[in-house]
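Novice: pasting a predicted model and its sequence here:
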Amino acid sequence: MTATPCTPAGNPTSGPRGSYLGPVRHVEETGSTNADLVELADTAEVGSVLVAGHQTAGRGRLDRRWDAPPGANLLMSVLLRPTGGPDRRSLITSTLAVAVVDALTDLFDLQGPTVGIKWPNDVLLVDGDRPGKVAGILAELVDGAQPVVVVGMGLNVGWPGPHDEGPPGATSLAAAGIDTGPRSLLDPVLASFGRWLDVLEDPGGVEAMRVGHLARSATIGQRVRIESPSGMVEGLAVDLAADGALIVEVDGGRREFRAGDVVHLRPLGPG
């Protein structure tokens, strides 16, 4: 098998973890929770969740290293087999991002920092004292007789803290003044993810996820620079396609981007 990176505005209200998630397994340390579940894709139960206290080979998009101190952050991966066909698989990253935004907003009623999604796979604290990236998501399609998607997330809970340097552009809940721990966030995040997975599987789920993502987007309405293998483009982010592609107005026309790094050209924050 091979692995390749791959609604209404309100919150859905179905069961506590939807129809998908569990069992949950915790390990103190591993190389990468995504890599572990990819290796187990043929035998692991669909919905399996792996949580690690520390990752020694954690990575994000473009194989970037992301190494937080042990026990500081929520590091997890989930193995899924979307039943709605290929059009659902490409939206798993978006679904988890929407779920994380909702979980953080519901838990903390964030009056200072606003939580939003930076296309394609980051969750941001948009304003407040320490704006920046608070979570990154990586989904991988595992080919086989029955393809599965392994989606992993690192949510910055305690690191980088208020006095930590951390990676450029990164922040954490602790840096934003929110005192909590990774274990206390796991169930709320999984519950929100399960509910949104139920939405995605509905007949109108693709459009529901597009609308849900739009309502939580920190990228739509921003002037952006797209850095992709085909070159660099600047324009205004205006919409999302049904498959999650970013639609950007460039020189009077519209272009769709399904991969690439996005730079917000206007700084996030007040004003």
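Specialist: Received it, and whenever you're ready, just let me know what you need.
Novice: ranges for the strands of the stretch 1-150 of the chain?
Specialist: Here the stretch 1-150 of the chain has its strands, by DSSP state E, counting those that start in this stretch, at 3-5, 24-30, 49-55, 74-80, 115-118, 122-125, 132-142, 148-155.
Novice: which residue ranges of the chain form helices?
Specialist: Under the criterion DSSP state H, the chain carries helices at the ranges 33-39, 86-89, 92-108, 182-201, 205-215.
Novice: so which of the ones you listed is the most surrounded?
Specialist: Comparing these by mean neighbour count (mean count of other C-beta atoms under 10 Å), helix 92-108 ranks first with a mean of 24. Bear in mind the C-beta positions are built from the backbone N, C-alpha and C, glycine included.
Novice: and it, what does it pack onto?
Specialist: With contacts taken as 3 or more C-beta pairs under 8 Å, 6 or more residues apart in numbering; DSSP states H and E, helix 92-108 sits against strand 115-118, strand 122-125, strand 132-142, strand 148-155, helix 182-201, helix 205-215.
Novice: thinking again about what came up before, comparing the helices of the chain, which yields the minimum mean pLDDT?
Specialist: Taking the average pLDDT of each of these, the minimum falls on helix 86-89, with a mean of 82.
Novice: what is that one packed up against?
Specialist: For helix 86-89, the elements it packs on are helix 205-215, judged by 3+ C-beta pairs under 8 Å, 6+ apart.
Novice: and Leu62, what pLDDT?
Specialist: In this prediction, Leu62 carries a pLDDT score of 44.
Novice: correction: the previous question concerned Trp66.
Specialist: According to the model's per-residue confidence, Trp66 sits at a pLDDT of 56.
Novice: over to Met1?
Specialist: 39.
Novice: check Leu268 too.
Specialist: What the model reports as pLDDT for Leu268 is 52.
Novice: and what of Arg130?
Specialist: Listed pLDDT for Arg130 reads 85.
Novice: so who does the residue nearest to it when sequence neighbours are not counted touch?
Specialist: Among residues not flanking Arg130 along the chain, Ala175 sits closest, at 4.1 Å (C-beta to C-beta, 6 or more residues apart in numbering). Contacts for Ala175 (C-beta atoms under 8 Å, 6 or more residues apart in numbering) come out as 129-130, 160-162, 164.
Novice: which one of those residues is nearest Asn73?
Specialist: Ranked by distance to Asn73 (C-beta to C-beta), these are led by Pro160 at 9.6 Å.
Novice: show me what Leu124 is bridged to.
Specialist: Beta-bridge pairing of Leu124 under DSSP bridges involves Gly116, Lys133.
Novice: I'd guessed it sits against Leu104; true?
Specialist: No. Here Leu124 lies out of contact with Leu104, judged by C-beta atoms under 8 Å, at a distance of 10.8 Å.
Novice: where does pLDDT dip in the stretch 151-271 of the chain?
Specialist: Residues of the stretch 151-271 of the chain meeting the criterion pLDDT under 70: 267-271.
Novice: go again with 80.
Specialist: Counting by pLDDT under 80, the low-confidence segments of the stretch 151-271 of the chain come to 162, 165-166, 229-230, 266-271.
Novice: ok, now the stretch 1-150 of the chain?
Specialist: When the per-residue scores of the stretch 1-150 of the chain are filtered using pLDDT under 80, the ranges that remain are 1-20, 57-68, 83-87, 108-113, 128-129, 144-146.
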